[in-house]
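K.L.:
please work out how this folds:
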Amino acid sequence: MPVTELNEIKDYWSKKYPHIFITLYTNEDATKYFGKMMTHDASLDLNADTIGELIGQGEAFLRKVNK
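P.N.:
Residues are numbered from 1 along each chain as shown. The predicted model follows:
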């Protein structure tokens, strides 16, 4: 189930911010969530214990680069 949720989040962000490269993944046990977001001049490595925390980190980055 977490993989499906991560794919939905990635699809949403990719449609809303097509100029940003986004990758999201989880470890084998689905106990940690990881990702990377990149633009031409900024990047962020995501590392979270919950999907909600991952979303929060991602949204903060997206707000910052889309001012």
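K.L.:
any idea which residue sits dead centre in this structure?
P.N.:
When CA atoms, centre = their mean is applied to the chain, the residue found nearest the centroid is Gly58 (4.9 Å).
K.L.:
excluding its backbone neighbours, what's nearest Leu6?
P.N.:
With CB to CB, 6 or more residues apart in numbering as the criterion, Leu6 has its nearest non-adjacent residue at 4.4 Å, and that residue is Leu24. In this view, the C-beta of every residue, glycine as well, is placed from N, C-alpha and C.
K.L.:
bridged to that neighbour, which residues?
P.N.:
On the basis of DSSP bridges, Leu24 is bridged to Gly35.
K.L.:
what about it, how many residues nearby?
P.N.:
Per other CB atoms under 10 Å, the neighbour tally for Leu24 reads 23.
K.L.:
off-centre distance for the host helix or strand of the residue nearest to the centre of the chain?
P.N.:
Take DSSP states H and E as the rule and Gly58 turns out to sit in helix 51-65. How far helix 51-65 lies from its chain's middle: 7 Å, per CA atoms, centre = their mean, to the nearest Å.
K.L.:
again with stretch 60-67
P.N.:
Worked out by CA atoms, centre = their mean, stretch 60-67 lies 12 Å from the chain centre.
K.L.:
make residue 1 into 786 and carry on from there
P.N.:
Got it, first residue is 786 now, which makes that one stretch 845-852.
K.L.:
neighbouring contacts of it?
P.N.:
Contact with stretch 845-852 is made by Trp798, Tyr802, Ile805, Met822, Thr824, Ala827, Leu829, as judged by CB atoms under 8 Å, 6 or more residues apart in numbering.
K.L.:
and the two most separated of those residues?
P.N.:
Taking CB to CB, the two most distant members of the contacts of stretch 845-852 are Trp798 and Ala827; they sit 14.9 Å apart.
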